[in-house]
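>>> Just a sequence and a predicted model for now, questions to come.
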Amino acid sequence: MKCDHLTHDILEGLSLDAVVKWALSSGWRIVSEESDDVYILRRAEAPVEEHILPKNRSFADYHDRLRDVVLSTSQYAGRSIGSILNELLYPPSDILRYRLHESSTRDGTIPLPLCETFFKGCIQALKATARIEESPAQYHSRLTGKQTDEFFDECRFGQTERGSFIVNIICPLVVQQPKAPEGQQSMFLVDVSESFTRKTTKRLMSTIDRIISCIQTDDISPLLMRNIGDDVIVSANLCEAISQIGNLERNATLELHSTWARGTTAPPRTPSNVSIPRDYLPRFEEIASHLRPSEQPPKPPYVGHIVALKGKANEDGLMEGGVTLEFLHDGKPIRAHLNLAPREHQIAVDAYRKHLYVKINAEYQESGTYRRLEDVRHIEILSDTSTEESSQGSFFGDDG
């Protein structure tokens, strides 16, 4: 049996240990280990079907026998060769497959405008889940953390597949392999229940499944209760990521499928497939709005850079009027406009020309996206020492 995917170079890159572990977790069993030269594999439901797999690459038919095992197992599993190779060519990994069904993706491609939001949504959903695993909360102002960052740095996009549009995110496991008897390869299934990767992928599948169930019953109230003892904690960040996945067609569906790492047992009570109809996306945003904390306005003093000067000369020839200050609040840049008298305006001009920080005491006001600082009581240029301290995060004004 021939398959264009399974070229000699691809087969040469496959680990025999990986293929055998994958076959064992897919329903095959080793029926005889008497020979030091081959594995004999059979299936319980088809005992007459047998594969003899050489243990040594020097056998003339090694690659043909390896190809037969991969093809046969893919047929039993109902999976494409491409998805299986994504699993076998990398270290043991949980693989998340996002599949988008709509007319624009029927040929296996995706429009570029949709691609940008689709990929971003897939990435942010995984990142938000990792952040929940590291620090359980219903909202995170930043999706960063030591474990989250280390996990995310190891993840990879796998080769895309046909079948609508499918994106694979490969999440490698870091686990201690069971020790095999001396001189033998380990064929035992690995317990990865304490792996941060497995906890994250399991949480993502379970959480989305819970959200879908609540939407179907038209009762989202259980999702809004924060219970650290519950395995499922829904966060605003995760719901936002899914809701912003793109401007989909009316009948579009987003499917998420998890393939658990080869040589590992599937996590109990965890779905491997969830389906999100396009009509459910507004409900994800609704849930996010309930979980997202109301934003607190920034408090004085405000420390940042003058980024624009819009003053004009008065009757005495002195510059006064508008300037724009940019400062950080909760890690996000904010630009606020203010009007300054001549003396204060000159201080702002000096800070602008010398690229120095300024500290301003004033009243913050916001109208839509327009922000102003009114009733300016004090403005000063910070010294080099103060600037250093400010740049390290002490200048947000929340403590001053």
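Done, it's in. Numbers count the residues shown, from 1 in each chain.
>>> Buried ones in the helix or strand hosting Ile334, by neighbour count?
Per DSSP states H and E, Ile334 falls inside strand 332-340. Buried residues in strand 332-340, defined by neighbour count with 16 or more other C-beta atoms under 10 Å: 334, 336, 338-340. Placement of C-beta: from N, CA and C, glycine included.
>>> got the contact list for the helix or strand just after that strand?
Downstream of strand 332-340, the next assigned helix or strand under DSSP H and E is helix 342-354. Residues from elsewhere that reach helix 342-354 (C-beta atoms under 8 Å, 6 or more residues apart in numbering): 305-307, 309, 311, 314, 316, 318-321, 323, 340, 356-358, 376, 379-381.
>>> which of these count as buried?
306, 309, 311, 320-321, 323, 340, 356-358, 379, 381.
>>> Now, the residues you listed that are in strands?
306, 309, 311, 320-321, 323, 340, 358, 379, 381 (DSSP state E).
>>> Could you report the pLDDT at the residue nearest to Asp61 when sequence neighbours are not counted?
Counting by C-beta to C-beta, 6 or more residues apart in numbering, Asp61 lies nearest to Pro54, which is 7.2 Å off, once chain neighbours are set aside. Listed pLDDT for Pro54 reads 84.
>>> Isn't Pro54 up against Ala60?
No: counting by C-beta atoms under 8 Å, Pro54 stays clear of Ala60, with 9.1 Å between them.
>>> out of the two, which sits in the busier spot?
Neighbour comparison, Pro54 and Ala60: the larger count goes to Pro54, with 19 against 7 (by other C-beta atoms under 10 Å).
>>> What ranges in this protein fall below the confidence cut-off?
1-5, 32-35, 47, 86, 162-163, 174-191, 226-231, 368, 384-400 (pLDDT under 70).
>>> and the helix ranked longest in it, how far out from the chain's middle?
Longest helix of the chain, by residue count under DSSP state H: helix 112-134. The chain centroid and the centroid of helix 112-134 are separated by 4 Å, computed with C-alpha atoms, centre = their mean, to the nearest Å.
>>> What residues sit buried inside it?
114-115, 118-119, 121-134.
>>> what helices or strands is that helix leaning on?
Where contact means 3 or more C-beta pairs under 8 Å, 6 or more residues apart in numbering; DSSP states H and E, helix 112-134 is packed against strand 93-101, helix 146-154, strand 165-172, helix 196-216, helix 236-243.
>>> ok, Asp61 touching Ile52?
No: contact between Asp61 and Ile52 fails when scored by C-beta under 8 Å: they sit 9.2 Å apart.
>>> more neighbours, those two?
More neighbours surround Ile52 than the other of Asp61 and Ile52, with 15 against 11 (other C-beta under 10 Å).
>>> In three-state terms, label the more buried one for me.
Put simply, Ile52 is strand when judged by DSSP: H, G, I helix; E, B strand; the rest coil.
>>> Is it bridged to anything, and to what?
Ile40 (DSSP bridges).
>>> was I right about it contacting Ile40?
Yes: taking contacts as C-beta under 8 Å, Ile52 lies within contact range of Ile40: 5.7 Å.
>>> So which residue of the chain lies furthest out from the middle?
Centroid-distance maximum for the chain: Asp316 at 58.5 Å, with C-alpha atoms, centre = their mean.
>>> tell me the phi and psi of Tyr139?
Note on Tyr139: its backbone torsions stand at phi -160, psi 140 [degrees, to the nearest 10].
>>> from what I can see it touches Pro293, true?
Yes: using C-beta under 8 Å, Tyr139 is in contact with Pro293, at 5.6 Å.
>>> These two: who's more crowded?
For Tyr139 and Pro293, the more surrounded residue by other C-beta under 10 Å is Tyr139, and the numbers stand at 13 against 9.
>>> Run through the residues that contact that one.
Applying C-beta under 8 Å, 6+ apart, the residues near Tyr139 are 235-237, 291-293.
>>> which residues touch the residue lying closest to it once chain neighbours are set aside?
Excluding the flanking residues, the one nearest Tyr139 by C-beta to C-beta, 6+ apart is Ala236, at 4.5 Å. When contacts are counted by C-beta under 8 Å, 6+ apart, Ala236 touches 138-139, 287-289, 291-292.
>>> Any figure for the gap between Cys239 and Ser193?
According to C-beta to C-beta, to the nearest Å, Cys239 and Ser193 sit 26 Å apart.
>>> Settle it for me: which of those two has more neighbours?
Using other C-beta under 10 Å, the more surrounded residue of Cys239 and Ser193 is Cys239, with 28 against 13.
>>> I'd say the more buried one and Glu285 touch.
Yes: using C-beta under 8 Å, Cys239 makes contact with Glu285 at a distance of 6.9 Å.
>>> about what we covered before: okay, the buried ones among the contacts of helix 342-354 in CSV with distance to Tyr90 next?
Output for those, formatted as CSV (distance: C-beta to C-beta, whole Å):
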residue, distance to Tyr90
Ile306, 50
Leu309, 54
Gly311, 59
Glu320, 64
Gly321, 60
Val323, 54
Leu340, 59
Leu356, 50
Tyr357, 47
Val358, 51
Ile379, 56
Ile381, 54
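>>> got any residues that touch both of Asp61 and Ile52?
Counting by C-beta under 8 Å, 6+ apart, nothing touches both Asp61 and Ile52.
>>> Could you break this protein into its assigned domains?
8-80, 93-176+189-291, 302-394 (automatic domain parsing).
>>> Between those, which one is closest to Glu87.
domain 93-176+189-291 (6.0 Å; C-beta to C-beta).
>>> now the end-to-end length of the closest one.
31 Å (C-alpha to C-alpha, to the nearest Å).
>>> got it, and stretch 87-100?
20 Å.
>>> From Tyr76, how far out is Ala46?
Counting by C-beta to C-beta, the gap from Ala46 to Tyr76 is 8 Å.
>>> between those two, who's got more neighbours?
Applying other C-beta under 10 Å to Ala46 and Tyr76 shows that Tyr76 carries more neighbours, namely 15 against 11.
>>> The more buried one reaches Gly27, doesn't it?
Yes: the criterion here is C-beta under 8 Å, and Tyr76 meets it with Gly27 at 6.3 Å.
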